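> Below are the sequence and a predicted model; questions follow.
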Amino acid sequence: MNHNDSTPTASPNTADTPAKDTEASAAAMDARVADLSYEDARARLVEIVTELEQGSLSLEESLNRWELGEALARRCQEWLDAARERVSAAQTLTDRARADGAATEVEDI
């Protein structure tokens, strides 16, 4: 008996497709979610997590949801990073105003 006869073979079209299409797929998913607000992206991400946790999706459906979930998570992180920058900028302005006010008070004495 030849052991090579029982070895499964991958078709030429599917053997390297996932690795080759990963970057294009991520970019496409990012484009799909680019206009979502933080709240909308987070709500959709929660839905996807729930769907995946139920375990009733096919492997392909699960992978598609996972990729979309990754894009949604990146979108949420973009919103959070931007919010963090805004808070930091506002805090810097407040600190400067306080420092200027303290300097003015000292000069008035």
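That came through, no problem.
> In which helix or strand does the spatially most central residue of the chain reside?
Closest to where the C-alpha atoms of the chain average out (C-alpha atoms, centre = their mean) is Arg74, at 1.6 Å. Assigned by DSSP states H and E, Arg74 falls within helix 59-108.
> list the contacts for the residue nearest to the centre of the chain?
Arg74 sits next to Asp30, Val33 when contact means C-beta atoms under 8 Å, 6 or more residues apart in numbering. From N, CA and C alone the C-beta is placed, and that goes for glycine too.
> how close does it sit to Asp30?
Going from Arg74 to Asp30 by C-beta to C-beta, to the nearest Å gives 7 Å.
> cool, Cys76 as well?
12 Å.
> So those two - more neighbours on which side?
Between Cys76 and Asp30, Cys76 has the larger neighbour count (other C-beta atoms under 10 Å), namely 20 against 15.
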